[in-house]
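> quick one: sequence plus predicted model below, questions after.
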Amino acid sequence: MVASKVETVVLGAGVIGLAVARALARSGREVIILESAMAPGQGTSSRNSEVVHAGLYYPRGSLKARACVQGRQQLYDFCESRGVPHRRCGKLIVATSEEQLESLAQVQQRAEANGVVGDDALRLLSRDEAVAYEPELSVFGEQHY
């Protein structure tokens, strides 16, 4: 068996893995991509929700929270500066039962603690406003995000 050296190994042939491998290859590096699925893009990439995560759910100051808050702003700045079409459509987070009201309040507290603020970041809606966005929505209580 002949031994050879590989300069770079990228784990995963999803969107990120392929982008990283491409950038490394274009910079002149030899790159091997390892993927556990039968073909590229069959893992998490195939289930991409196309959502820009704001940092609502992660503990205060955690790496995930900081990455979401900073990354969200960087992504929108990138799109705007380069004319990339996008929409800031938001996300409805609602309580469907009385038991979920506390969870809804916790989402608000985490979001605010992580710096998810501003008119388009976190906004309290009335029941009527939430249902205006999605008429089939089943909501409990009067306030939703």
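Received the coordinates, thanks.
> which strands or helices does the strand or helix carrying Ala132 pack on?
Ala132 is part of helix 127-133, with elements assigned from DSSP states H and E. Helix 127-133 is packed against strand 143-144, with contacts defined by 3 or more Cβ pairs under 8 Å, 6 or more residues apart in numbering; DSSP states H and E. Heads up, the C-betas are built off the backbone N, CA and C, glycines and all.
> and what about the residue nearest the centre of the chain, helix, strand or coil?
Geometric centre of the chain, nearest residue: His53, 3.0 Å, by Cα atoms, centre = their mean. Using DSSP: H, G, I helix; E, B strand; the rest coil, the secondary structure recorded for His53 is coil.
> next one: phi and psi at it?
As for His53, its main-chain torsions (degrees, to the nearest 10) stand at phi -70, psi 130.
> state the distance from it to Cys68.
5 Å (Cβ to Cβ, to the nearest Å).
> quick one: mean pLDDT over the longest helix along the chain.
Ordering each helix of the chain by length in residues (DSSP state H) puts helix 63-82 first. Mean per-residue pLDDT for helix 63-82: 92.
> list the buried residues for it?
Within helix 63-82, the residues scored as buried using 16 or more other Cβ atoms under 10 Å are 65, 68-69, 72.
> got a pLDDT number for Tyr145?
55.
> do Leu104 as well
For Leu104, the model assigns a pLDDT of 87.
> which residue comes closest to it once chain neighbours are left out?
Leaving aside its chain neighbours, Leu104 sits nearest to Ala95 (4.7 Å; criterion: Cβ to Cβ, 6 or more residues apart in numbering).
> that neighbour falls within a helix, correct?
No: assessed with three-state DSSP, Ala95 is coil; it does not lie in a helix.
> got the contact list for it?
101, 103-104, 139-141, 144 (Cβ atoms under 8 Å, 6 or more residues apart in numbering).
> of the buried residues of helix 63-82, closest to Glu7?
Of all the buried residues of helix 63-82, Cys68 has the smallest distance to Glu7: 31.9 Å, by Cβ to Cβ.
> for that closest one, what are its contacts?
53-55, 58, 114.
> could you check the distance from the closest residue to it other than its chain neighbours over to Ile32?
Spatially, and ignoring its direct neighbours in sequence, Cys68 is nearest to Gly55 (3.5 Å; Cβ to Cβ, 6+ apart). According to Cβ to Cβ, Gly55 and Ile32 sit 34 Å apart.
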